[in-house]
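Peer 1: A predicted structure for the sequence below; I have some questions about it.
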Amino acid sequence: MLRVPLLCLLAVRATLGLRFVMYIDEYHTAALPGNDRTEGITHAIMAFANSSIFNSNSSPKFEPFEPVEAMRKRFVPDTKVMVAIGGWGDTNGFSEGTKDDGSRARYAKNVATMIDNLGIDGVDTESWALDIDWEYPGGNGGDYMKVPNSGKTDEIETYPLSLRAIREAIGPDKLLSIAEQGTKIWPSVDLVNVMSYDLMNRRDKVTNHHTSVVGSLDAIKAYEEIGLDTAKINLGFAYYAKWFMTDPNSNCNEHPLGCGVLALENPNGSDKSAMAAAPGDLRVSADGTCGFSKGTKCPAGSCCSQYGYCGSGNDFCQAGCLSDYGECKGISVIDSWRRALKGGKTDEQAGGQYYWDEQASLFWTWDTPELITRKFKEIVDAEKLGGVMAWSLGEDSLSWEHLKAMQDGLRGRLVDQNSHASCARYCMVSVSSVE
């Protein structure tokens, strides 16, 4: 996932702080912090609005999962609040909205209307901005087996036109970010949030780091090679672990990296639940939801699925079942994760953390505070990047260790003001640069 808003920071006494963009998703909201914990975050992106609601001839109806006023209070007053459209698997609305001049004009108008509507009740609309999270124009998205890439080639040309229309509709004072790369896109957008994680996914055949120093650097280099100014780039960090079911016929004990995995997706391209993000007093769920973020467990006889819902079928009780929040008939992901935390190994060469759980036949991959520190030194500093980005705030609520590591990394790091000289669409004063 790459993101691209066009932002220029105003130089104050010749010092500029790095940007810190944070996603807040609707699935992890139970333990979101206040502004005493969110120091340094410059942009907060609320995810997601469905892409299809902007294709109607009537005004779009969208309400964020938390009132704008409440979200704004979680951050310092000058934090830019953004809304993300789309997300993984949400492609139909984008495809429809970009197909011709008329659809692009309608889509852009409705996006601008949404931003204005969200600012009606005393909210400073100049602080609002937009994130286009289309995964992905031109193909290879969640529907790639149903709609082959050959059926999406027109989007390569129409997507930049759509971004241009949105830019014109929302005006120059709003930030615009996206999730894809391309030289035709850069003039319409402000920053690029590079999703340098999920580098191992359900289409892979062998285990690998889903995020690492080397993998993240390779992602940044790919953008540099197609001409993107590094001052626009935000390096992405993941606040979650991922697990994958390994092939019992593969020698994972001897070679945990590069070990074979079971088929991770169905023939139609959908998830087989053979991989996932890792998951006081618990009350019994009254609405069918469960898990750490909800603070609830399932009623007796029910299982808590990896997605946080109670049920009794195999989708709930087997692969990915959360044993702390209900019964399980198969592997307990939480027990395996505890073993991973205790026995995790660092691949010093690649800069990634991993663990193969022989008992559960699960491979784990995640980021650590130490590796976050390396990424600041070996990527942010070395490549002279303009900022960093993370997904997502609520997924770090157990100890906030990833957030703290990034806050530590931001302190004292400045951006060369000359690298922002060509960026004039939007300026803001970095509070940390004012004595």
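Peer 2: Structure's in. What do you need?

Peer 1: Show me the helices in the stretch 151-300 of the chain, by range?
Peer 2: Under the criterion DSSP state H, counting those that start in this stretch, the stretch 151-300 of the chain contains helices at 155-170, 213-225.

Peer 1: Redo those helices as a markdown table? Include distance to residue 35.
Peer 2: Heads up, the C-betas are built off the backbone N, CA and C, glycines and all. What follows is the helices of the stretch 151-300 of the chain, written out as a markdown table (distance: least, CB to CB, whole Å):
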| stretch | distance to residue 35 |
| --- | --- |
| helix 155-170 | 27 |
| helix 213-225 | 29 |
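
Peer 1: Could you say which of those is packed most deeply?
Peer 2: helix 155-170 (a mean of 20; mean count of other CB atoms under 10 Å).

Peer 1: Which one of the helices of the stretch 151-300 of the chain has the poorest average confidence?
Peer 2: For the helices of the stretch 151-300 of the chain, mean pLDDT drops lowest on helix 155-170, to a mean of 93.

Peer 1: Go ahead and name everything in contact with that one.
Peer 2: The set of residues external to helix 155-170 that reach it, using CB atoms under 8 Å, 6 or more residues apart in numbering, is 94-95, 97-100, 104-105, 107-109, 111-112, 115, 130, 132, 134, 137-139, 176, 178, 180, 182, 184-185, 187-189.

Peer 1: Next one: the closest residue to residue 351 other than its chain neighbours from residue 46, what distance?
Peer 2: Nearest residue to residue 351 in three dimensions, chain neighbours excluded: residue 213, at 2.6 Å (CB to CB, 6 or more residues apart in numbering). Computed as CB to CB, to the nearest Å, the residue 213 to residue 46 distance reads 30 Å.

Peer 1: end to end, how far does stretch 143-157 reach?
Peer 2: One end of stretch 143-157 sits 20 Å from the other (CA to CA, to the nearest Å).

Peer 1: right, I mislabeled it, should have said stretch 355-375
Peer 2: 20 Å.

Peer 1: mind listing what's buried in that stretch?
Peer 2: For stretch 355-375, burial by neighbour count (16 or more other CB atoms under 10 Å) applies to 355-357, 360-368, 371-372, 374-375.

Peer 1: same check, this time on stretch 137-153
Peer 2: Residues of stretch 137-153 classed as buried: 137-139, 141-144, 152 (neighbour count, 16+ other CB under 10 Å).

Peer 1: Can you tell me which of these end up in helices?
Peer 2: Among these, DSSP state H puts none in helices.

Peer 1: Quick check, pLDDT for residue 2.
Peer 2: 38.

Peer 1: Then the one 5 residues further on?
Peer 2: At residue 7 the predicted local confidence, pLDDT, stands at 33.

Peer 1: and what of residue 324?
Peer 2: 80.

Peer 1: Also residue 269?
Peer 2: At residue 269, the pLDDT recorded in the model is 69.

Peer 1: Likewise for the one 3 residues further on?
Peer 2: pLDDT, the model's per-residue confidence, is 56 for residue 272.

Peer 1: Return the set of buried residues in stretch 286-303.
Peer 2: Going by neighbour count (16+ other CB under 10 Å), the buried part of stretch 286-303 is 289-298, 302-303.

Peer 1: of these, closest to residue 250?
Peer 2: Residue 250 lies nearest to residue 303 out of the buried residues of stretch 286-303, by CB to CB, at 28.2 Å.

Peer 1: residue contacts, that closest one?
Peer 2: Residue 303 touches 310-312, 316-317, 321, 326-329, counting by CB under 8 Å, 6+ apart.

Peer 1: helix/strand/coil for residue 402?
Peer 2: helix (DSSP: H, G, I helix; E, B strand; the rest coil).

Peer 1: Run a quick neighbour tally on residue 244.
Peer 2: Using other CB atoms under 10 Å, the number of residues around residue 244 comes to 25.

Peer 1: For it, list each beta-bridge partner.
Peer 2: residue 275, residue 363 (DSSP bridges).

Peer 1: and it, how far is that from residue 413?
Peer 2: Taking CB to CB, one finds residue 244 at 34 Å from residue 413.

Peer 1: thinking residue 378 is in contact with residue 217, fair?
Peer 2: Yes: when contacts are counted by CB atoms under 8 Å, residue 378 is listed as touching residue 217 (6.8 Å).

Peer 1: ok, back up a step: would you check how far apart the residue nearest to residue 351 and residue 114 are?
Peer 2: Residue 213 is 38 Å from residue 114, where distance means CB to CB.

Peer 1: Contact partners for residue 53?
Peer 2: Residue 53 touches 60-62, 93, 110, counting by CB under 8 Å, 6+ apart.

Peer 1: any idea whether it is helix, strand or coil?
Peer 2: Secondary structure for residue 53, judged by three-state DSSP, is helix.

Peer 1: can you pull the pLDDT of it?
Peer 2: On the pLDDT scale, residue 53 is placed at 97.

Peer 1: Alpha carbons only: can I get the helix ranked longest in the chain in PDB?
Peer 2: Criterion DSSP H: the longest helix present in the chain is helix 101-118. Extracted in PDB, the C-alpha atoms of helix 101-118 (Å, rounded to 0.1, in the frame of the first residue of the first chain):
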ATOM      1  CA  ASP A 101     -15.000  11.800 -18.100                       C
ATOM      2  CA  GLY A 102     -18.500  11.900 -16.700                       C
ATOM      3  CA  SER A 103     -17.900   9.300 -14.000                       C
ATOM      4  CA  ARG A 104     -14.600  10.900 -13.000                       C
ATOM      5  CA  ALA A 105     -16.300  14.300 -12.600                       C
ATOM      6  CA  ARG A 106     -19.200  12.800 -10.600                       C
ATOM      7  CA  TYR A 107     -16.800  10.900  -8.300                       C
ATOM      8  CA  ALA A 108     -14.600  13.900  -7.700                       C
ATOM      9  CA  LYS A 109     -17.600  16.100  -6.900                       C
ATOM     10  CA  ASN A 110     -18.900  13.600  -4.400                       C
ATOM     11  CA  VAL A 111     -15.500  13.200  -2.700                       C
ATOM     12  CA  ALA A 112     -15.300  17.000  -2.300                       C
ATOM     13  CA  THR A 113     -18.900  17.100  -0.900                       C
ATOM     14  CA  MET A 114     -18.000  14.400   1.600                       C
ATOM     15  CA  ILE A 115     -15.000  16.400   2.900                       C
ATOM     16  CA  ASP A 116     -17.200  19.600   3.100                       C
ATOM     17  CA  ASN A 117     -19.900  17.700   5.000                       C
ATOM     18  CA  LEU A 118     -17.500  16.300   7.500                       C
END
